[in-house]
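J.: Structure of the sequence below:
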Amino acid sequence: MPHLLDIQNVHLKYNQKEILTDFNLSVDQGDKILISGISGSGKTSIFKLILGFIKADSGSILFKGNKADAQSFQRIRQLTAYIPQDLDFADGNVQAFLDQMMQIKANRSISKPDPLPLFREFMLEPDILNKNIEELSGGEKQRLALITGLLLQKEIYLLDEPGSALDHEARLRVIAHFTNFDKTLIVVAHDPDWLSISFAKHYELKNGAGWEHTI
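T.: Numbering: from 1, shown residues only. You can find the predicted model right below:
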């Protein structure tokens, strides 16, 4: 059976700098994968390659065994919640924002979920729903972004430094949820809390290439 996603022998340059060199990554349905490495090692670029936002200089991206084309990348995006480290929210009420997300055409078939259980799990007060987004702290915005992704019930979750604005306890709550749900997860992180988790697949980026550590 083909992998859900495959990155095969990818080389990627940016401004003449080698970002990824002969990089390989295989992703199966339900995998939990950690990608670590120092800043500038190409971690976020891997997400952009998977989503088709950038194109490799050489190598291939495969989706369910077939080389990805424009239609494939569109399908991958439909299946994926990509939550970047710095997410720009529009100004406005939190409840109105969540309602608006559910009204987007691609999300209308989703039964409207109750966000409050996730608010409690991620240590957010329910009254945040009545606040304006611009009033929220960085950590509150980051948890709101993660909760929004979960409410959209996607099949693949790409999380870029998901605990960067959180304290230790809140970060552990996020880690516990995402490492124990049944969706496919790829996390880019370098903080000790994420690195302490035994992921079945752990890719460490060094000098543009990746070494896989598995358990």
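
J.: can we go C-alpha only for contacts and neighbour counts from here?
T.: Fine.

J.: Helices of the protein, residue ranges please.
T.: 43-50, 70-79, 94-103, 116-121, 138-151, 168-180, 192-195 (DSSP state H).

J.: close enough to count as contact, residue 172 and residue 195?
T.: No - here residue 172 does not reach residue 195: they are 11.8 Å apart, not a contact under Cα atoms under 8 Å.

J.: hey, what's in contact with both of these two?
T.: With contacts defined as Cα atoms under 8 Å, 6 or more residues apart in numbering, no residue is shared by residue 172 and residue 195.

J.: any idea which residue sits dead centre in this protein?
T.: Nearest residue to the geometric centre of the chain (Cα atoms, centre = their mean): residue 158, 1.7 Å.

J.: Retrieve the pLDDT associated with that residue.
T.: pLDDT for residue 158: 97.

J.: before we move on, what about the one 3 residues further on?
T.: What the model reports as pLDDT for residue 161 is 92.

J.: excluding its backbone neighbours, what's nearest it?
T.: Closest residue to residue 161 apart from its sequence neighbours, by Cα to Cα, 6 or more residues apart in numbering: residue 189 at 4.7 Å.

J.: tell me the mean pLDDT over stretch 172-183?
T.: 95.

J.: What mean pLDDT does stretch 115-129 get?
T.: Rounded mean pLDDT across stretch 115-129 is 94.

J.: Sorry, slip of the keys, the one I care about is stretch 81-99.
T.: The model assigns stretch 81-99 a mean pLDDT of 87.

J.: now swap in stretch 35-51 and tell me
T.: Stretch 35-51 comes out at a mean pLDDT of 87.

J.: can you list the residues that contact that stretch?
T.: 7, 19-20, 54-56, 61, 73-74, 76-77, 158, 160, 186-190, 195, 202-208.

J.: Only whichever of those are buried, select them in PyMOL.
T.: Of these, the buried ones can be selected in PyMOL as follows, counting by 16 or more other Cα atoms under 10 Å:
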select buried, resi 7+19+20+55+56+61+73+76+158+160+186+187+188+189+190+202+203+204+205+206+208
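
J.: Just the contacts of stretch 35-51: which are in strands?
T.: 7, 19-20, 61, 158, 160, 186-188, 202-206 (DSSP state E).

J.: so can I have CSV of these showing distance to residue 69?
T.: CSV is the format used below for those (distance: Cα to Cα, whole Å):
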residue, distance to residue 69
7, 14
19, 22
20, 21
61, 9
158, 20
160, 24
186, 21
187, 24
188, 25
202, 27
203, 25
204, 27
205, 26
206, 29
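
J.: For residue 92, state which of these is nearest.
T.: Residue 92 has its nearest neighbour among the ones in strands among the contacts of stretch 35-51 in residue 160, at 24.3 Å by Cα to Cα.

J.: need the contact list for that closest one.
T.: 44, 82, 83, 84, 85, 187, 188, 189.

J.: Show me which pair in those residues is furthest apart.
T.: Once Cα to Cα is applied, those give 82 and 189 as the farthest pair, at 14.1 Å.
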